[in-house]
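1. sharing a model prediction with you, sequence too.
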Amino acid sequence: MLLVIQIVVCVILVIFVGTWLSQSADILAEKTGLGRSWVGAILLAGATSLPELAVGISAVVVFNAPDLAAGGIFGSCLFNLFILALLDIFTGPSPLLQRAQISHALAAGLGSILLGVAAAGILLAQSNNNLIFGWVGSPSIVLIVLYLVSARIIARFELRRRTEVLEREVVQYEHIKRQQAFLIFATLSVAIVVLGVWLASLGDRVATVTGLGQSFIGALLLAATTSLPEVVAGLAAIRLNAVDLAVSNVFGSNIFNMAILGVYDLAYFRGNLWSNVSSVHIFTAVVAMMMTSVAIVGLIYRAARPSRLYITWDGLALILLYISGMYIIYRS
């Protein structure tokens, strides 16, 4: 009973802080002039993904469970894309991806590239072809470098269309100073990390009685608990009519997640992390790339919502891919 009360309290606090964090990111988008796409993909995505970083490093360093940490990362990528379908249901009469800027396909494509690198890293390690520098695998270095390059590419792209972004986004936070906006965002980011780690620890206590494998627990339970801030931030952004902030947060979180996987390797001194990761995560990465492709198609094709459904066909495809992927991981 005490565990249930703790979970309820933690979830309520995550909803409160996550909602405020999303509004704070919207303020930063206006104050910096970079627009919602870049702030959502880099700043908000980084803040809401920090619980995965903290929980994963704990799993790698303290509990020597690199497979659990990797499962949490790949599962989080699946769950983040599943969030797009959830947001599509709650976005109202107009489909989510129809309202979003088509430029989000850039971040989605970059995320898919990083997922491919991670899948190749696991495959090479399984066949003993992984190049190692000290204790760090070459895929980890590639992932971290590609994350930095991706952040720069997205920033430069958004700066090129800065005038268009500022024209479309109405100024509404004139009463808040820029320094105050950064301070509030930083404070809320720390709070969401603490709450995310607490929620993940509660989820881990629930998982101990299930007897399920680390790959499945990481891909489902750990991913869902650490991704709750993304869900809350996305729903809050929708209520603020900041669709681009919500969508970019999803794609940016997946990019950041792949960089986190490289950081796990840096923190894992007990051997080659990639060799200690289950090959089932290759399948998870492939499903995530398929879901990303569906989202890109949705951004470009901009299908209308069928009159009898509360969700578009691309949103329905994301749900089916997520459920099917989770089922196959469970069976594995």
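-> That came in fine, so what should we check first?
2. what mean pLDDT does stretch 67-75 have?
-> Averaged over stretch 67-75, pLDDT sits at 84.
3. okay, it in CSV with CA atoms only?
-> Listed next in CSV are the C-alpha coordinates belonging to stretch 67-75 (Å, rounded to 0.1, in the frame of the first residue of the first chain):
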residue,chain,number,x,y,z
ASP,A,67,21.6,-5.0,-20.7
LEU,A,68,19.0,-3.4,-18.4
ALA,A,69,20.3,0.1,-19.1
ALA,A,70,20.4,-0.6,-22.9
GLY,A,71,16.9,-2.0,-22.7
GLY,A,72,15.7,1.2,-21.0
ILE,A,73,17.3,3.3,-23.8
PHE,A,74,16.0,1.4,-26.8
GLY,A,75,12.6,0.9,-25.1
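4. could you count how many residues lie near residue 183?
-> As a burial measure, residue 183 scores 12 neighbours (other C-beta atoms under 10 Å). In this view, the C-beta of every residue, glycine as well, is placed from N, C-alpha and C.
5. let me redo that: residue 99
-> 17.
6. correct me, but it touches residue 93?
-> No - between residue 99 and residue 93 there is no contact under C-beta atoms under 8 Å: 10.4 Å.
7. middle-most residue in this protein, spatially?
-> Within the chain, one residue has its C-alpha closest to the average C-alpha position: by C-alpha atoms, centre = their mean, that is residue 253, at 3.0 Å.
8. three-state assignment of residue 94?
-> Using DSSP: H, G, I helix; E, B strand; the rest coil, the structure places residue 94 in coil.
9. on that earlier part again, which SSE is the residue nearest to the centre of the chain in?
-> Residue 253 belongs to helix 243-267 when assigned by DSSP states H and E.
10. about what we covered before: do I have it right that the residue nearest to the centre of the chain meets residue 80?
-> Yes - the pair residue 253 / residue 80 is scored as a contact, 5.0 Å apart, by C-beta under 8 Å.
11. joint contacts of those two?
-> Common contacts of residue 253 and residue 80 (C-beta atoms under 8 Å, 6 or more residues apart in numbering): 227, 230.
12. for the residue lying closest to residue 157 once chain neighbours are set aside, what are its contacts?
-> Spatially, and ignoring its direct neighbours in sequence, residue 157 is nearest to residue 106 (6.0 Å; C-beta to C-beta, 6 or more residues apart in numbering). With contact set as C-beta under 8 Å, 6+ apart, residue 106 has these partners: 153-154, 157.
13. would a markdown table of the residues you listed with secondary structure, neighbour count and pLDDT be doable?
-> A markdown table is the format used below for the contacts of residue 106 (DSSP: H, G, I helix; E, B strand; the rest coil; neighbours: other C-beta atoms under 10 Å; pLDDT from 0 to 100):
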| residue | secondary structure | neighbour count | pLDDT |
| --- | --- | --- | --- |
| 153 | helix | 14 | 90 |
| 154 | helix | 24 | 87 |
| 157 | helix | 14 | 83 |
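14. nearest to residue 244 among those residues?
-> Ranked by distance to residue 244 (C-beta to C-beta), the contacts of residue 106 are led by residue 154 at 12.4 Å.
15. buried residues, the helix holding residue 253. List them.
-> Using 16 or more other C-beta atoms under 10 Å as the burial criterion, the residues of helix 243-267 that qualify are 243-267.
16. ditto for stretch 21-39
-> Those would be 21-31, 34-39, for stretch 21-39 by 16+ other C-beta under 10 Å.
17. got it, and stretch 98-108?
-> 98-101, 103-108.
18. of all the residues you listed, which comes closest to residue 188?
-> Closest approach between the buried residues of stretch 98-108 and residue 188, by C-beta to C-beta: residue 107, at 22.4 Å.
19. and the closest one, how far from residue 147?
-> According to C-beta to C-beta, to the nearest Å, residue 107 and residue 147 sit 12 Å apart.
20. what do these two both touch?
-> With C-beta under 8 Å, 6+ apart, residue 107 and residue 147 have common neighbours residue 255.
21. for the stretch 101-250 of the chain, just list every one of the helices.
-> For the stretch 101-250 of the chain, the helices defined by DSSP state H, counting those that start in this stretch occupy 104-126, 138-160, 162-168, 178-207, 214-217, 223-226, 228-239, 243-267.
22. closest to residue 279 out of these?
-> Going by C-beta to C-beta, the one of the helices of the stretch 101-250 of the chain nearest residue 279 is helix 104-126, 5.4 Å.
23. many thanks, we can stop here.
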